Structure formats: C-alpha cells, structure tokens
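Undergrad: Provided below are the primary sequence and the corresponding predicted coordinates.
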Amino acid sequence: MDDIQKTFDYIKHGFTADDVVIRLKPLDKKSVVQMIQLYNVPYTEPGHRSVEVRETYRWGYGYMEGDNLNWSHSFQGDEFYCDPNEGHGAELDDLCAIDFNFEGDWTEAEQADFQDRWYNGDPNDDDGRSGLAWIHEYQEEWKIEDEAIIVLGPVQFDVMDRNNYDKIYIQDYKPTTEENE
C-alpha cells in the first residue's frame, strides 16, 4: 500500500490498516477453539508421530491483522484462523472439550500417557504445568508444527487500536462483500 493510500485511509477512517487489529467475537457459545499441532521427530525419521489437540471454549475471541481490511475474502466462511500471538489476547473462558487426533505409530499406552500429561502435567514438573503450559514451558520432546485460535461463525468483527485495547474504531464492522465492491 503506498503512502497516498495510507493517508487517504487515515483521513477517511481515523486509522490505517497498520494501526489496528480486528477482533473476532463468536455470536454462539462453544465457538472458540485453540488448536495446536505437534510432532516428535521430522516425518523423514523413524518413529515420527504427530498429534493435533483442539481445546473448545464457551467464550473467547481471536484477532486478525488490520491488513485483512484490504481483502474481503478474509471475512468470508464459517471458520476464521487467528494467530494466537496477534492482538490483545484471546481471553479464553470455560473449557468444555478437548479432542486429540493422533497420527503415526502410537500405541494405546503412549496415547494415554500423552493425554494424562496434557490433563495433569508431567509428574516430574514441580510446577505442575499441564496443557499448553506443559508444551511451551516444560517438555522438550514435542515440536510445534502449527498453532491457531479458530473462531467459528457467525462472528462479530471489531476494528480496534493495535496498541490500546480500550479503543474500538468500528464496533460490529460489516465488511464489504464482493458484489458490493
């Protein structure tokens, strides 16, 4: 985007795409999923195993970069993938389900051990971390392939200041659809 377009956007809206993030709030309960895909060794090595863990929450939200305002297709569909490191935090509340999808040469005992450590933490961890805290802060076996906050539609979009979580430029933003462009 050139400087003239940025200046025009700022005059028109009071912000540029670089100044904002888009908060996605689901309108229905049980519509926010925190997903992480893990693997133990590269798929080319023997003993490769992977697992995708999906935690479903009753409430929460995700964020997209403000640059998505330039792309109407970013607002279409029933699932919206959000970077968990974008925005002001997902504030996930009331965990109601956890699903594990194991791939590779897992035994039933290995699956049960992984699930136990996910739910209860590693017995050797003095801090008792479990779930994502166990993955990110304690264990060293599992590598992260992908991680996302998935917001399931219908969704309310709010255009917010990137640095000030109290400042909302447009609440309940209605994206331009392609037939209206």
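TA: Received, thanks.

Undergrad: next, count neighbours for Asp146.
TA: Residues near Asp146, counting by other Cβ atoms under 10 Å, number 10. Quick note: C-beta positions are derived from backbone N, CA and C, even for glycine.

Undergrad: any idea whether it is helix, strand or coil?
TA: Classification of Asp146 by DSSP: H, G, I helix; E, B strand; the rest coil places it in strand.

Undergrad: where along this structure do the strands fall?
TA: 20-26, 32-39, 49-59, 62-65, 79-82, 93-104, 143-152, 155-161, 168-173 (DSSP state E).

Undergrad: save those strands as JSON lines, and put in distance to Gly131 too.
TA: Formatted as JSON lines, the strands of the chain follow (distance: least, Cβ to Cβ, whole Å):
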{"stretch": "strand 20-26", "distance to Gly131": "21"}
{"stretch": "strand 32-39", "distance to Gly131": "9"}
{"stretch": "strand 49-59", "distance to Gly131": "7"}
{"stretch": "strand 62-65", "distance to Gly131": "18"}
{"stretch": "strand 79-82", "distance to Gly131": "19"}
{"stretch": "strand 93-104", "distance to Gly131": "8"}
{"stretch": "strand 143-152", "distance to Gly131": "13"}
{"stretch": "strand 155-161", "distance to Gly131": "25"}
{"stretch": "strand 168-173", "distance to Gly131": "31"}
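
Undergrad: could you dump those into a markdown table with mean pLDDT and distance to Leu132 added?
TA: A markdown table is the format used below for these (pLDDT from 0 to 100; distance: least, Cβ to Cβ, whole Å):
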| stretch | mean pLDDT | distance to Leu132 |
| --- | --- | --- |
| strand 20-26 | 96 | 20 |
| strand 32-39 | 97 | 7 |
| strand 49-59 | 97 | 8 |
| strand 62-65 | 96 | 15 |
| strand 79-82 | 96 | 15 |
| strand 93-104 | 96 | 11 |
| strand 143-152 | 97 | 9 |
| strand 155-161 | 95 | 23 |
| strand 168-173 | 92 | 28 |
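
Undergrad: do you know how far the residue nearest to Trp142 when sequence neighbours are not counted is from Glu52?
TA: Counting by Cβ to Cβ, 6 or more residues apart in numbering, Trp142 lies nearest to Leu38, which is 4.3 Å off, once chain neighbours are set aside. Leu38 is 8 Å from Glu52, where distance means Cβ to Cβ, to the nearest Å.

Undergrad: do the same with Val21
TA: Here the distance between Val21 and Glu52 works out to 26 Å (Cβ to Cβ).

Undergrad: now swap in Glu45 and tell me
TA: Here Glu45 is placed at a distance of 19 Å from Glu52 (Cβ to Cβ).
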